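Engineer: take a look and give me a structure for this.
(one chain, ligands or ions: 1)
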Amino acid sequence: MRILAVAAHPDDIEILCAGTLYKYKKQGHEIFLAHLCDGGKGHTTIPSGELKEIRKREAEQSAELLGAEIFHGEFPDLELYVNEASIKTGVNLIRRFKPDVLITHSLRDYQSDHRNTAQVMIDASYPASLPHYNCEYEAHPVSYPIFFMDCLAGIDFLPSEYVDISDEMELKKKMLLCHESQRRWLQEHHVIDYIELMKKLSAFRGMQCGVKYAEGFQMYHAWGRIYPKRILP
Ligand SMILES: [Zn+2]
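Structural biologist: Below is the predicted model of the structure:
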């Protein structure tokens, strides 16, 4: 299968679903990553233009650890809206990577870029299948499930499916550590250690389903997107 994970910012996937992606990868599936925003506001002192390039490199290093291809979006942080431009980007992403499974943020997450990314990908998934919707790539006329990954810190998110990532935790941590620029900024601005945050969330979801570490998901329930079988690894 071809698995496409679309997040808002360069380090979101590492925190919320990288263990599951690595598990898919080990089973022989192909992984594609994308972030719609450029990450250029995620620091207090590094100028935006410089930061965008740093974060692109960090995301590439992380994707390399996973053995995944990555797309870097150009929407400035906190300036991603659900509009024609963002939906065209979403359609192009779907048509370029032709997913059998799409993973994105929850519509209930804390930040507008996260919520808008989820809405953009939902709204892009139908036109992506239509040959008469003009875009850079050919239509992807395949139906596939959409999964929402956890909300940050697990707030207001009750998973309906869990993936045991106990054996994938080491790589998930290494991937997150690639995002070096975020470690200090998050410590100073949000007073959190992002590795600790990720580990606690994974341990919390693990406790709920009886394993050491897990990631939680919800299948997007809409007509044509519900599958009566287990698809997550
Ligand atoms: Zn984010």
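Engineer: mind checking which helix or strand of the protein has the lowest mean pLDDT?
Structural biologist: Across the helices and strands of the chain, the lowest-confidence element by mean pLDDT, DSSP states H and E is helix 180-185, at a mean of 89.
Engineer: what does that one contact?
Structural biologist: Outside helix 180-185, the residues within contact range by Cβ atoms under 8 Å, 6 or more residues apart in numbering are 11, 42-44, 46, 51, 54-55, 58, 177, 193-195. All C-beta atoms are positioned from the backbone trio N, CA, C, and that covers glycine.
Engineer: partners of the host helix or strand of Val6, with directions?
Structural biologist: Assigned by DSSP states H and E, Val6 belongs to strand 2-7. Under the criterion DSSP bridges, strand 2-7 sits next to strand 30-37 (parallel), strand 101-104 (parallel) in its sheet.
Engineer: out of those, which gets nearest to the ion?
Structural biologist: strand 30-37 (7.7 Å; Cβ to the ion).
Engineer: for the chain, just list every one of the strands.
Structural biologist: Using DSSP state E, the strands of the chain run over residues 2-7, 30-37, 69-75, 101-104, 146-149, 161-164, 214-219.
Engineer: now the first one: average pLDDT?
Structural biologist: By that I understand strand 2-7. For strand 2-7, mean pLDDT is 98.
Engineer: can you check the third one too?
Structural biologist: Model confidence over strand 69-75 averages 98 on the pLDDT scale.
Engineer: what's in contact with it?
Structural biologist: Defining contact as Cβ under 8 Å, 6+ apart, one finds that strand 69-75 is touched by 10, 31-38, 56, 59-60, 63, 86, 89, 93, 96-97.
Engineer: residues contacting Arg230?
Structural biologist: Glu161.
Engineer: how many neighbours does the residue in the chain positioned nearest to the ion have?
Structural biologist: Nearest residue of the chain to the ion, counting by Cβ to the ion: His9, 3.5 Å away. Counted with other Cβ atoms under 10 Å, the neighbours of His9 add up to 26.
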